[in-house]
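Novice: Please find the sequence and the predicted model below.
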Amino acid sequence: MWTRERLQDLVTEHLRGFRFISVANREPYIHLRDGAELRCIEPDSGVVAALDPVMRAAGGTWIAHGSGSADRETADARGRLRVPPGTESYTLRRIWLTAAQEEGYYYGFSNGALWPLCHIVYQRPLFEKESWNQYVAVNRAFADAVLEEIGGDRAVVFIQDYHFALLSRFIKEKMPGTIVFQFWHIPWPNSETFRICPWRREILEGLLGNDLIAFHIQHHCNNFLEAVDRELEARIDRERNGVMMRGSSTLIRPHPISVDFHALSDAAGSPATAARTAEFRKRYHLRGYRILLSVGRLDYTKGILERLEALDRLLSQHPEFREKIVLVEIGVPTRSRLGSYSRFQSQVEAAVDAVNSRYRTPDWDPVMFFQDHQDRASLLAWYRMADVCLVTSLHDGMNLVAKEFIAARDDGRGVLLLSSFTGAARELRQALLANPYATDELADRLHEALTMPESEQEARMTQMRETVRQHNVYRWAGKLIEQAARLEPS
């Protein structure tokens, strides 16, 4: 069983004499100034939720974009501070970006181009030269920060996600002896889709600066290898799942990400969570209702409109559920400066209003829509209240909400209704699987979830909890670090 202590032992054994540095766009702790009040919040991010417990166990330095209004005043002159607050166990190094850099690198290329390109959900990617230039510049700025943190030491650098496709190459140009590996948290598209990107070769060559690249599932590894084979003069080793190019080699591996199972399970079963659950039922007038829960960012990849359509279909075809169920939709606004996201948010608001208008009674609305950040304690309370957790993504690398829900249910109750197009569907085979594009199918699965006997719920949940318990976030990190530490830098 992988635990925090086992990961700490592995780091001590394999990384002795190395600096351990992780790079992610999102910082794990954001400081905000509201008048005289200083607040520290943890952002709603799957990467942060997965990586923070790993960094607590491994120590080292996390390099990220400092985005909070009070981030500068809470860090030293070089952007450094110790975190987490009160239980400091690693260093956070904040990088400051100009407004133009953030607009081009983050909103423009990362989320206006790469995000829709990789998710294939009929949102056209926007490929703009200025955004690409800013993406290159910010990747170089992060490389400079990594090299500064390394100094003259030996180092292992763990890069997160699609914001840094060029970073490993820039690091290797200056310090070829550094071990660099990267986890790509979102899907990798098929080569026909990927080839529409004007800078596809630069992205592939940048990523192949890594000694190891990991995706959630083997299918995404295969897509990446196919793209390399089609676009670059490189040798693909199919048996080893590796790429050789210009004298260097890169391994391509599946490593499905997970959650801190025991921490979530213990917290969810605590008296504090029970008290908050009772408080929520009273505050939101939910006593006597069965709860359908959906949690995630207001993103067009998450299948929000599709599950609202399925709820509408269910209430139309099965009127016996009217005034018996409530969908709690927790949608955190994100990337609202992008037109596609602001338009999508308006579409969701209109869809919620339409369902509520169609079925509401003087004492009941079928949908409760929260558009705000919910802290971890609140999310655990919602997970414990839920009779059904709906994860209906149109395409997802993994989706950690599904695993968080399972970890929170030590009572053995609750049903996970999961999109077939998530990485989690490959592991959580006892979930009810559905195609979110097929409204009738999704509505039928929702009916099945609401009528599932408790004995079947418990049997399914027991098996899924054991899967998440065994394949937890420490195993994910440990296997990656173990594999990377054995590599000779290419």
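Specialist: Looks like it came in fine.
Novice: alpha carbons only for contacts and neighbour counts from here, please
Specialist: Will do.
Novice: Could you tell me how far residue 447 is located from residue 231?
Specialist: Per Cα to Cα, to the nearest Å, residue 447 is found 46 Å from residue 231.
Novice: So this structure: which segments form each domain?
Specialist: Dividing the chain into domains by automatic domain parsing, as the record does, gives the ranges 4-257+473-485, 262-470.
Novice: Could you list which residues are in contact with the closest residue in space to residue 309 that isn't next to it in sequence?
Specialist: Ranked by Cα to Cα, 6 or more residues apart in numbering and with sequence neighbours excluded, the top spatial neighbour of residue 309 is residue 439, at 6.6 Å. Contact analysis of residue 439 by Cα atoms under 8 Å, 6 or more residues apart in numbering lists 306-307, 309-310, 313.
Novice: give me that answer again for 10 Å
Specialist: Residue 439 is in contact with 306-314, 445, counting by Cα atoms under 10 Å, 6 or more residues apart in numbering.
Novice: Dump the residues you listed into a markdown table; add secondary structure and distance to residue 202 as well.
Specialist: Output for the contacts of residue 439, formatted as a markdown table (DSSP: H, G, I helix; E, B strand; the rest coil; distance: Cα to Cα, whole Å):
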| residue | secondary structure | distance to residue 202 |
| --- | --- | --- |
| 306 | helix | 36 |
| 307 | helix | 38 |
| 308 | helix | 40 |
| 309 | helix | 41 |
| 310 | helix | 42 |
| 311 | helix | 44 |
| 312 | helix | 45 |
| 313 | helix | 46 |
| 314 | helix | 48 |
| 445 | helix | 43 |
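Novice: by contact count, what packs against the helix or strand of the chain with the lowest mean pLDDT?
Specialist: Counting by mean pLDDT, DSSP states H and E, the chain has its least confident helix or strand at helix 46-58, which shows a mean of 87. In this structure, helix 46-58 makes packing contacts with helix 4-14, strand 18-23, strand 61-65, strand 80-83, strand 90-95, helix 400-408, helix 473-485, judged by 3 or more Cα pairs under 10 Å, 6 or more residues apart in numbering; DSSP states H and E.
Novice: Now find how far off-centre the shortest one is within its chain.
Specialist: This points to strand 80-83. In this view, strand 80-83 has its centroid 23 Å away from the chain centroid, taken as Cα atoms, centre = their mean, to the nearest Å.
Novice: Over to the third one?
Specialist: In terms of Cα atoms, centre = their mean, the centre of strand 61-65 is found 17 Å from the chain centre.
Novice: can you list contacts of that strand?
Specialist: Taking Cα under 10 Å, 6+ apart as the rule, strand 61-65 contacts 19-28, 51-52, 55, 71, 79-83, 89-97, 102, 138, 142, 145-146, 149-150, 157-159.
Novice: Count residues in the vicinity of residue 435, would you?
Specialist: Residue 435 sits with 18 neighbouring residues when counted by other Cα atoms under 10 Å.
Novice: quick one: contacts for it?
Specialist: 306, 392-394, 418-421, 441-442, 445.
Novice: Please repeat the previous calculation with a cut-off of 7 Å.
Specialist: By Cα atoms under 7 Å, 6 or more residues apart in numbering, the residues touching residue 435 are 419-420, 441-442.
Novice: same deal with residue 400?
Specialist: Applying Cα under 7 Å, 6+ apart, the residues near residue 400 are 46, 258.
Novice: And it, how close does it get to residue 458?
Specialist: Here residue 400 is placed at a distance of 21 Å from residue 458 (Cα to Cα).
Novice: With residue 476 instead?
Specialist: As it turns out, when the distance is counted by Cα to Cα, residue 476 lies 26 Å from residue 458.
Novice: ditto for residue 180
Specialist: Shown here: residue 180 relative to residue 458, a distance of 42 Å by Cα to Cα.
Novice: Comparing those two, which shows the higher neighbour count?
Specialist: With neighbours defined as other Cα under 10 Å, residue 180 and residue 458 compare such that residue 180 has more, 28 against 18.
Novice: Would you confirm that the more buried one belongs to a strand?
Specialist: Yes - assigned with DSSP: H, G, I helix; E, B strand; the rest coil, residue 180 falls within a strand.
Novice: Make sure it is actually in contact with residue 155.
Specialist: No - taking contact to mean Cα atoms under 7 Å, the distance of 8.4 Å between residue 180 and residue 155 leaves them out of contact.
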